[in-house]
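Novice: sequence first, predicted model second:
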Amino acid sequence: MVSTPARPPVGDHQLSEAHRCTLGPIATPDRLLLGPGPSNAHPTVLQALSRTPIGHLDPLYVELMGEVQELLRYAWQTDNRLTIPMSGTGSAAMEATLANTVEPGDKVLVAVKGYFGLRLADMAGRYRAEVATIERPWGEAFTLEEIEAALQHHRPAILAMVHAETSTGVCQPMEGIGELCRQYDCLLLLDTVTSLGAIPVFLDDWKVDLAYSCSQKGLSCPPGLGPFTMGPRAEAKLAARRDKVPNWYLDVSLLNQYWGSNRVYHHTAPVNMNFGMREALRLLAEEGLENAWARHRANAERLWIGLERLGLEPHVPEELRLPTLTTVRIPEGVDGKAFSLHLLNTHGIEVGGGLGVLAGKVWRIGLMGFNSRAENVDRLLDLFEAELPAFRSAAA
Ligand code: PLP
């Protein structure tokens, strides 16, 4: 055994070589991310991310903050003053919506139809809400009648729901829900993580009071920012709180002193992530929301037609199917996990597996942001056609 010579002490300390690894520079492969997210970032977003950082109070950065806020309002179709990219991922922005508005004992009704509805219910409970849930099977959506009956029964302060359920591939129809929430005097909180920038979202027309999203899906940016927005009714609830928001980092009244007109330091903003976000939102505005939505729809339909041709069955009926995320049933006798590992290891393509009750039952194919392109659809369909048969067991 080779013994390591004793190193000279540094002052009173003996420097330890434990944990010191010798590594080469990072060399990740260029994957094609066709799973539930993250999706590939647009090349000019990656360029923006690699620019030299500037100070988070530099007048140029302060100008950029305003640009990001304004473009987020466009993407969400809202005039909300309090529209901020939270430092953190979608879950941080999700938490911000609840942390700022829930007071202990408030009733929060969560419409659960998949994994992310369960997360909302868990988070609301942590802010000491009295949580009630209504549930639909994973692959279905709520009707307006079901929502109204639950509002009437529970009389919540907040109704929280997921627009685009990434765990199931269901798009919740939103028409009429906001009106019902006004009628029952409750706030409407909406998860738009897998919808923003990719499928129609009309926050103000839908009368949504609180919403959040992420950077890594329809916006073609890497993960790291969680867009957050709050309308006047939610602001009024925040202003009427008896106690401080029980989460310092996500307290919008503090954050707004930085993102609003005062520009007072709160935390050191991840400036390069916001460079990337500005570029992602600039690209979206350049394309135009209606064109981006039409592109996502057309490529999803191309995928659905191709899957049908191959005899593969989507899990969700077409009228509720999300253009950004398609759940495909794994055929009887096929080792779904082995096939997705094969796609990753042999072709560098990521496709997701099922979550929760759909684990082992579906693949999740994402076509989001920069990745929603016909050539990606065709490449994946070709691989399903040529290489899936080898993953069917002999008995099937
Ligand atoms: N909500 C939905 C619908 C999601 O799909 C996700 C993540 O995929 C989240 C919330 C959480 O976002 P993040 O993983 O960025 O924290």
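Specialist: That came in fine, so what should we check first?
Novice: tell me how far the residue of the chain found nearest the ligand lies from residue 149.
Specialist: Using Cβ to the nearest ligand atom, the single residue of the chain nearest to the ligand is residue 90, 2.7 Å away. Yep, even glycine has a C-beta here, placed from its N, CA and C like the rest. Residue 90 is 30 Å from residue 149, where distance means Cβ to Cβ, to the nearest Å.
Novice: and for residue 74?
Specialist: Residue 74 is 35 Å from residue 149, by Cβ to Cβ.
Novice: swap in residue 78?
Specialist: Relative to residue 149, residue 78 is positioned 28 Å away (Cβ to Cβ).
Novice: more neighbours, these two?
Specialist: residue 78 (21 against 12; other Cβ atoms under 10 Å).
Novice: list the contacts of that one.
Specialist: Counting by Cβ atoms under 8 Å, 6 or more residues apart in numbering, residue 78 touches 203, 204, 208, 211, 229, 231.
Novice: cool, residue 222 as well?
Specialist: Taking Cβ under 8 Å, 6+ apart as the test, what residue 222 contacts is 38, 41, 45, 46, 49, 215, 216, 273, 276.
Novice: surely the third one meets residue 220?
Specialist: Yes - the pair residue 45 and residue 220 passes the contact test of Cβ atoms under 8 Å, sitting 5.8 Å apart.
Novice: which neighbours do the two share?
Specialist: When contacts are counted by Cβ under 8 Å, 6+ apart, residue 45 and residue 220 have 280, 283, 370 as shared neighbours.
Novice: among these, which are in helices?
Specialist: 280, 283 (DSSP state H).
Novice: quick one: residues in contact with stretch 298-316.
Specialist: Against stretch 298-316 from outside (Cβ under 8 Å, 6+ apart): 139, 168-170, 318, 321-324, 326-329, 331, 358, 361-362, 365, 367, 372-374, 376-378, 380-381, 384-385, 388.
Novice: so of these, which ones are in strands?
Specialist: 170, 326, 327, 328, 329, 362, 365 (DSSP state E).
Novice: three-state assignment of residue 94?
Specialist: Secondary structure assignment for residue 94 (DSSP: H, G, I helix; E, B strand; the rest coil): helix.
Novice: quick one, what contacts it?
Specialist: By Cβ under 8 Å, 6+ apart, the contact list for residue 94 reads 119, 120, 123, 191, 193, 212, 226.
Novice: try it again at 7 Å.
Specialist: By Cβ atoms under 7 Å, 6 or more residues apart in numbering, the residues touching residue 94 are 120, 123, 191, 212.
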